[in-house]
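1. next come a sequence and a model predicted from it.
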Amino acid sequence: MVDGIAGWVGAAPLRRLVARFGGTWPACDLADTLRFLDDFSGAHWDFRGGRERPDAREPDLDPDTAELVRVTAAALGLVRPVPPARPAYAHLVVLGGLAHACLRRVAHAVHLLRGGLRVTGEVAVLGSFRPLSELEHRTLAEAGVLDCATEVDALDAAVRLALGVSAPALQDGVDAGHPHHSWSSRTYLPAGLPPVRVLAAPSSEPHRRRAHTADTQRFWAGHVQLAPDDAVLLVTAPIYVPFQHCDALRTLALPYGCGIDTVGVDPALPDLARLPEPTLSPGRYLQEIRSAVRSMRALHAALVAG
């Protein structure tokens, strides 16, 4: 893992991108390089400012810089989807996100299953009680999905839409009176496919924030009793693969000893042609390069501490 982090961080395209934004590459060890990149990207590539991703501003970049951003993102693995590395996994995990992502990622996972990917355990669709924005409501309405209030509602609707199921076979959860403390689980049993569990996790810091990706992964791992040597496939969007893969290595592979592969949705698949696809701008790519840097820094710190 350390070699993988060092290779990604030290890649020539990333060095060129830092130089384009006025940075001087440091002569230091990996931990200090990650610290430099975290600080540098925070100063130059953080367009969220603590807001949700849809509320991030778009930087005004000249055409040459915008093209360099796109080339760098492709070189760092944020653009092109790749197929799963194995023909079979113990579990398939679909990561939640914005409304369009909920629809597309669930559809892609079902495409993989119907295309012959074997899953011996369960399909886990992981989200939170984050309220949907007005734009997300419009996105869902365009796809014929109504009456969703939260991210996990959108994921549940995406499962029912992709699988043609109407009601869960099993339900569980706790309504604690606040979404940061509550959790829910709905399990569907589609014919000929593994069980599909839609899970919303509580926050590990409920006084500060909603549940994030690492919270949902840890919560799911405890529910499914993730075992050493289990192979887990994560499905997300290509732009999030580096950062969410490193998060999963830190939150699942290190404590449980399981294997992790992470793939992005392939927009060329016929199953996805009818579903809305966002426009990915240079600012979005810069933001997620920063996310990957921060995730790799956290993973490296965990590896050194362990």
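-> The structure has been received and is ready for your questions. The model shown is predicted, which means the values in this text are computed figures rather than measured ones.
2. so where is the stretch 151-300 of the chain shaky, pLDDT-wise?
-> 271, 273-276 (pLDDT under 70).
3. buried ones in stretch 116-134, by neighbour count?
-> Buried residues in stretch 116-134, defined by neighbour count with 16 or more other Cβ atoms under 10 Å: 117, 119, 121-130, 132. Using the backbone N, CA and C atoms, a C-beta is placed for each residue, glycine as well.
4. identify the residue nearest His178 in space, chain neighbours excluded?
-> Pro206 (7.1 Å; Cβ to Cβ, 6 or more residues apart in numbering).
5. now that neighbour: phi and psi?
-> phi -60, psi -20 (degrees, to the nearest 10).
6. distance of it from Ala191?
-> 38 Å (Cβ to Cβ, to the nearest Å).
7. the more surrounded of these two?
-> A direct count of neighbours by other Cβ atoms under 10 Å for Pro206 and Ala191 places Pro206 higher, at 16 against 7.
8. show me the contacts for that one.
-> When contacts are counted by Cβ atoms under 8 Å, 6 or more residues apart in numbering, Pro206 touches 178, 180-181.
9. and for Gly264?
-> For Gly264, counting by Cβ under 8 Å, 6+ apart, the contacting residues are 81-82, 235-241.
10. including secondary structure, neighbour count and distance to Glu151, could the contacts of Pro206 go into JSON lines?
-> Below are the contacts of Pro206 laid out as JSON lines (DSSP: H, G, I helix; E, B strand; the rest coil; neighbours: other Cβ atoms under 10 Å; distance: Cβ to Cβ, whole Å):
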{"residue": "His178", "secondary structure": "coil", "neighbour count": "11", "distance to Glu151": "16"}
{"residue": "His180", "secondary structure": "coil", "neighbour count": "18", "distance to Glu151": "13"}
{"residue": "His181", "secondary structure": "coil", "neighbour count": "15", "distance to Glu151": "16"}
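11. between those, which is nearest Met296?
-> His180 (27.3 Å; Cβ to Cβ).
12. right, and the closest one touches His212 too?
-> No - between His180 and His212 there is no contact under Cβ atoms under 8 Å: 11.1 Å.
13. and for those two, which residues touch both?
-> Ser203.
14. now Asp172: phi and psi?
-> According to degrees, to the nearest 10, Asp172 has phi -160, psi 170.
15. cool, Leu170 as well?
-> phi -140, psi 140.
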